[in-house]
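**Student:** coordinates only, no sequence provided:
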């Protein structure tokens, strides 16, 4: 989580400075729940680049899938509420409930005929479908079919549940801003009750009409903060190819946005569809955002500072703030990825940065 203990700075000072405080004084500070800032200042505010604990990592879907299926045999979904294997940042030690300082990620499984019960929670979530057909998510009464690569939003405070009326397993990557809410001591959930996950017809109709260029009178419309809950992958994929062709480029990217406002589709999390042409190299601009990448199609290799990850469809890997990140697709076919980051949060707080490569 982002509320990590700040490392001590005393090792970076000379012995005279480290010994300058009497033990009785330090003990008195501890007795009153106090701490000397000068011991920790450089750890809290290092120069040049944040001293985070996140360690870039790749989670292979081929490794996670058999364990997830075994979990499906061992753990009934009614008992688990959400049958998820968390992608745990190794930099935070065993059982870490986040992939980066601000991003939680986990892979969820539903088997045919199963339903994950209705609930809602303060963090926002998105589901990126990895495998299977017949899965669906219902958000505020609106049924969203789940096809490979689709992004399904379940914004904070919105009732939702999941079901599966097809064949074979359905899996998806959950990404939440849970660590932010945990750090703010504001993370909680509520169980559903009869009739809670119901559609508001006037709100749905208002959004449909606005997308058609029609606006009902003020008295007859209901504003919708999240007018689009399902972002089909096939639409994004085709748009990437059209953009690449129109610009004459081998690589392209498109941000997922609220279609009525053009703003990010969630308040804290940002989503971007990426296409890397066959055999092509993509050098990213270092930013202050922490990031999770999910591979929808293709294969390739990415470098995150000194870490090199080869990847294929279904894999997920993480990146730290201001990391030097590059990607290369293998020859023969393009690769398609979805990037998830906390840039919307950082922009709202006024500290998002991009840095030019040397």
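**Tutor:** Cool, the structure landed. All values reported here derive from a predicted model rather than from experimental measurement.
**Student:** give me the below-cutoff pLDDT ranges for the protein.
**Tutor:** 1-19, 358 (pLDDT under 70).
**Student:** beta-bridge partners for the residue nearest the centre of it, please?
**Tutor:** Geometric centre of the chain, nearest residue: residue 175, 3.7 Å, by C-alpha atoms, centre = their mean. As for beta bridges, residue 175 partners with residue 105, residue 126 under DSSP bridges.
**Student:** quick one: contacts for it?
**Tutor:** Residue 175 makes contact with 103, 104, 105, 125, 126, 128, 269, 292, 340, according to C-beta atoms under 8 Å, 6 or more residues apart in numbering. Any C-beta I mention is one placed from the backbone N, CA and C, and that applies to glycine too.
**Student:** now with 10 Å?
**Tutor:** Residues in contact with residue 175, defined by C-beta atoms under 10 Å, 6 or more residues apart in numbering, are 87, 99, 103-106, 124-128, 151, 266, 269, 271, 292, 294, 316, 338, 340-341.
**Student:** also residue 220?
**Tutor:** 202, 205, 206, 209.
**Student:** just to revisit the earlier point, looking at the contacts of residue 175, which are in strands?
**Tutor:** 104-106, 125-128, 151, 271, 292, 294, 316, 338, 340-341 (DSSP state E).
**Student:** between those residues, which is nearest residue 354?
**Tutor:** residue 341 (12.2 Å; C-beta to C-beta).
**Student:** hmm, the closest one is touching residue 266, no?
**Tutor:** No: with contacts defined as C-beta atoms under 10 Å, residue 341 does not count as touching residue 266, sitting 11.3 Å away.
**Student:** quick one, what contacts residue 306?
**Tutor:** 56, 323, 324.
**Student:** so who does the second one touch?
**Tutor:** Going back to what we said before, that points to residue 323. So residue 323 contacts 49, 54, 56, 284, 286-287, 289-291, 303-307 (C-beta under 10 Å, 6+ apart).
**Student:** using ChimeraX, define a selection of the buried residues within these.
**Tutor:** A single ChimeraX command selects the buried members of the contacts of residue 323 (16 or more other C-beta atoms under 10 Å):
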select :54,56,284,286,287,289,290,291,303,304,307
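**Student:** relative to residue 33, which of the contacts of residue 323 is nearest.
**Tutor:** residue 54 (28.3 Å).
**Student:** confirm that closest one sits in a helix?
**Tutor:** No: if the criterion is DSSP: H, G, I helix; E, B strand; the rest coil, then residue 54 is coil and not within a helix.
**Student:** so which residues of the stretch 151-300 of the chain form helices?
**Tutor:** 178-183, 201-211, 233-247 (DSSP state H, counting those that start in this stretch).
**Student:** for residue 170, find the nearest of the ones you listed.
**Tutor:** Of these, nearest to residue 170 by C-beta to C-beta is helix 233-247, at 14.6 Å.
**Student:** what's next to that closest one, contact-wise?
**Tutor:** Contacts for helix 233-247 (C-beta under 10 Å, 6+ apart): 128-129, 147-151, 232, 249-254, 256, 271-277, 296-297, 334, 336, 338.
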